[in-house]
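In: Mind looking at a prediction? Sequence and model below.
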Amino acid sequence: MRIVSYNLRENAASGELTALATDHDIDILCLQEADSTTLPERVEHMVLADATRNNRLGLAVYVRDERFEVKATKLLALKKSLHDRVMAPAHERLLAVHLFDRVRDRDVLVGSFHAAPLTASNSLRRKQIAAAHDGMRALAPGLPALMVGDFNYPWFINGLERRLATEGFRLHRSTEPTYLRYRFFSGYFDFVTSTGYRVDRVDVLPAGASDHRAISFEAHLTTD
C-alpha cells in the first residue's frame, strides 16, 4: 500500500491534499498540523478515518474506502514538553487507526504521529515514540503496524534507530531532507517506523506551502 505523510504547517498546505491524492494514488494519507474543524470528510477516493479534536495543531488519517474498513481509532496524549505546557499546540500526539485491509485480508495498524518540538530533549521524544508504539499495540495487539509523521529528531538518529530495534520496530528515513524552512538549516524530521512491514525506500515529494516536504513510500506485509 502507498502511504503519504505530510505536516501541513498550521494547515497552510491543506489546499494541496486533492492533488496529492490524485497525483500519487494514495491508499493512506497521514496529516500533522491540520485544522480538524475544516478538514473535508473525503479527499477524492479517500475517506476521513478520524482526526484529533482537542489540538490547535491536529492529526488526521484518510484511507482508501474501497480497500479499508475502519474498525477502531485511538487518540493518545503523550508526555508534555515545556513548549506544550506554555504554548498548548497539541494535547494528543498520536492518532492510531485499526484497519481491515480487504486486499490483503488482514487487520493492520497505522498511526499519525507528531513529536514535541526541538525545544524539548531527545530523551523526551524517545519516551513519546515508545509510548506511541505501546498505544498502537494496545489498540490491537500483535498486528503489523506503521507509524509515520513528524518526529522532530534530526540529530543522533542512529541512537534512536538502535533503541527502536530493541522494541521490535524498524526506523526508515527518507532519501532527502524533509524540513526546508530556512536556507541555512534543513534536516530529516519526518520518519516511518514499522513492524511486520517491509519498507524499501522513503521518497520526499516536491515542496509546497508547508515548511515540511511530504514523504511517500510503499509498505509490503512481511511473510512472518
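Out: Received it, and whenever you're ready, just let me know what you need. Numbers count the residues shown, from 1 in each chain.
In: Counting neighbours, which bits of the helix or strand hosting residue 123 end up buried?
Out: Applying DSSP states H and E as the criterion places residue 123 in helix 122-139. By neighbour count with 16 or more other CB atoms under 10 Å, helix 122-139 contains the buried residues 122, 124-129, 131-133, 135-137, 139. Heads up, the C-betas are built off the backbone N, CA and C, glycines and all.
In: What mean pLDDT does it get?
Out: Averaged across helix 122-139, the pLDDT comes to 95.
In: strand partners of whichever helix or strand comes after it, parallel vs antiparallel please.
Out: Scanning forward in sequence from helix 122-139 by DSSP H and E, the next helix or strand is strand 145-150. The sheet places strand 145-150 alongside strand 106-114 (parallel), strand 190-195 (antiparallel), with pairing taken from DSSP bridges.
In: Could I get the CA-only coordinates of strand 145-150 as CSV?
Out: C-alpha atoms of strand 145-150 as CSV (Å, rounded to 0.1, in the frame of the first residue of the first chain):
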residue,chain,number,x,y,z
ALA,A,145,2.0,-1.6,12.4
LEU,A,146,3.2,1.5,10.8
MET,A,147,3.7,4.9,12.4
VAL,A,148,4.5,8.0,10.3
GLY,A,149,4.8,11.7,10.9
ASP,A,150,6.9,14.5,12.2
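In: Name the residues that touch whatever helix or strand comes next after it?
Out: Moving toward the C-terminus from strand 145-150, the next helix or strand (DSSP H and E) is helix 157-166. Contacts of helix 157-166 from elsewhere in the structure, counted by CB atoms under 8 Å, 6 or more residues apart in numbering, are 122, 126, 129-130, 153, 170-171, 173, 188, 193.
In: Let me know the closest of the residues you listed to residue 146.
Out: residue 193 (7.3 Å; CB to CB).
In: Just the element for the closest residue to residue 41 other than its chain neighbours, please.
Out: Using CB to CB, 6 or more residues apart in numbering and skipping the chain neighbours, the partner closest in space to residue 41 is residue 48 (5.2 Å). Of the helices and strands defined by DSSP H and E, residue 48 is found in strand 46-51.
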